Structure formats: C-alpha cells, structure tokens
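Asker: everything below, folded, please.
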Amino acid sequence: MGRIVICISGLSGAGKTGVTRKLKVKINAEEFSLGAICRAICFYMELNKITVYDKAIVNTIMKDPLAWRIIEGITCDPKIQNEKYARGASKLFQIPEVSRWCTEFLRMQPYSIGTKPIIFEGRGSGWLFPLAPVNVWLDADEMVRFMRKYKDAIKLDANTNFSDLVKSLSMRDGFEARNAIMPAKYMPGAVRIDTTHMTEDNVVAEIAKIYNRKIK
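Answerer: Numbers count the residues shown, from 1 in each chain. So this is what the prediction gives:
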C-alpha cells in the first residue's frame, strides 16, 4: 500500500464526519467518504429530476465525466448532509454495480499519486482496509447519537420529527450492518473510541496520537 491509510468508521451520530474534517487539517491528509460520494450522486439525480434508482440509469451517470465533475464538487457540501440524501445513499449502495464500483474506487486511492495520508470515513470503511495502520471505530450512546443527528437535521429543516428520524436511522443502521462488503459494525482489531462525553477536538486529538505512534 503506497500511502498511509486512516479508517474512521462508526454508526450515524458517532461523530465521523466532523472528526474526519478536523483530523484532515491537523495531519494534512486527504479525505474520501463512501457516504459522501453516494449522497452526491443522489443530489445530482435530484438536480436532473431522476427519481428511479435503476442500475442502468446510475451506471450512465457513473460513466459520464461531466456528471462526475459535478458530483466530486459537492461531496463536502453541507447541503447533502441530511437524512434525505443519507436514505438515498443507502438505497444506491443496494445496487450491486454501485457497491462494487464505489469500493473499487476507494481501494485504488492508497496507490494514487501523492504523499499525503488518506482518511477513509464511512460506517464500515475499516472493513475495506483491515490492515490499515490506523483503524478506528467511533461509538456513542444510542440516544446521544440520535440527538446529535436531530440537532443537525433541524438546522436544515425546523419541522424535522424526532421519532421519524430515529426510526429512519435505526432502520438504516440495521440494514447497513448486513452489507456484505462494508458492514456498519465494529471490525475486530479496530481501536474503539466512545465519543459520548467527548468533544470533536478531544476525539481528533486521540486519533492524532494513534496516528503519530503508528508512523514513527
């Protein structure tokens, strides 16, 4: 493997996205997120009034260079960080062709040109790189996770219903835990960090310590 790989996995609300973005700056790394890629594809489909999650349609999008320029440009956009696009991303990942393409794309990145370490953020990203020198599973009390996601959701939509959000998150957690390639569950050997009572900065500092120990 050419570049140093850091995997940050965990269920919704454990703190993956915020921690990854701060860690990226702290250690001068690049970031890849399967969820962000799939959410961006969903946004592109919505933009082009494509409502059917058909594998032929999705394959056409994935082979279109112009579409990919648009998709790559919005993977870090806050407007796709909501439950609507998260549900769409989960549906997309059920399409075998999408699942295979995305995982192959991510697996190629450590061999890409460059010297910066790469952070792979996603519910089950650790399973893609089981030998990664830094493999972290973020965890938190279930209600704390739900409340974090609810606070994020109401910033975008004040009418978000907490019970509906919890139901959606629970269903997605259960479904994605059964994914054959990147199951959203703890990978044996990964470092567990319980973020329940930690700030993002605390978690970033803890992962940075692990990273610094591993690269020395």
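Asker: which element, helix or strand, includes residue 21?
Answerer: Assessed by DSSP states H and E, residue 21 sits inside helix 16-27.
Asker: now do that helix: which elements does it pack against?
Answerer: The contact analysis (3 or more Cβ pairs under 8 Å, 6 or more residues apart in numbering; DSSP states H and E) places helix 16-27 against strand 5-10, strand 30-33, strand 118-121, helix 200-215. (C-beta placed from N, C-alpha, C; glycine too.)
Asker: try 7 Å this time
Answerer: strand 5-10, strand 118-121, helix 200-215 (3 or more Cβ pairs under 7 Å, 6 or more residues apart in numbering; DSSP states H and E).
Asker: tell me the angle the helix or strand harbouring residue 37 makes with helix 16-27.
Answerer: Using DSSP H and E, residue 37 maps to helix 34-47. Counting by axes from the mean of the first three to the mean of the last three Cα atoms, to 10 degrees, helix 34-47 lies at 120 degrees to helix 16-27.
Asker: from the chain's centroid, how far away is helix 34-47?
Answerer: From the chain centre to the centre of helix 34-47 is a distance of 12 Å (Cα atoms, centre = their mean, to the nearest Å).
Asker: swap in stretch 117-124?
Answerer: 7 Å.
Asker: need the residues that contact that stretch.
Answerer: 3-11, 16-17, 20, 23-24, 27, 29-35, 106, 109-110, 128-129, 176, 179, 182-185 (Cβ atoms under 7 Å, 6 or more residues apart in numbering).
Asker: dump that stretch to CSV, restricted to CA.
Answerer: Provided in CSV are the C-alpha atoms of stretch 117-124 (Å, rounded to 0.1, in the frame of the first residue of the first chain):
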residue,chain,number,x,y,z
PRO,A,117,-2.1,10.2,4.2
ILE,A,118,-5.7,9.3,3.3
ILE,A,119,-8.6,9.2,5.7
PHE,A,120,-11.4,6.9,4.7
GLU,A,121,-14.6,7.9,6.5
GLY,A,122,-17.7,5.7,6.5
ARG,A,123,-19.9,3.4,8.5
GLY,A,124,-17.9,0.3,7.6
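Asker: just the CA atoms of stretch 48-64, as CSV, please.
Answerer: Output of stretch 48-64 as CSV, limited to C-alpha atoms (Å, rounded to 0.1, in the frame of the first residue of the first chain):
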residue,chain,number,x,y,z
ASN,A,48,-31.7,16.3,-13.0
LYS,A,49,-35.1,15.1,-11.9
ILE,A,50,-34.1,11.4,-11.9
THR,A,51,-36.3,9.7,-9.3
VAL,A,52,-35.8,6.0,-10.2
TYR,A,53,-32.9,4.1,-8.6
ASP,A,54,-32.4,2.0,-11.6
LYS,A,55,-28.9,0.4,-12.1
ALA,A,56,-28.9,1.3,-15.9
ILE,A,57,-29.5,5.0,-15.1
VAL,A,58,-26.9,5.0,-12.3
ASN,A,59,-24.3,3.3,-14.5
THR,A,60,-24.9,6.0,-17.1
ILE,A,61,-24.2,8.7,-14.5
MET,A,62,-21.1,7.0,-13.2
LYS,A,63,-19.6,6.8,-16.7
ASP,A,64,-20.4,10.5,-17.5
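Asker: now that stretch: average pLDDT?
Answerer: Averaging pLDDT along stretch 48-64 gives 79.
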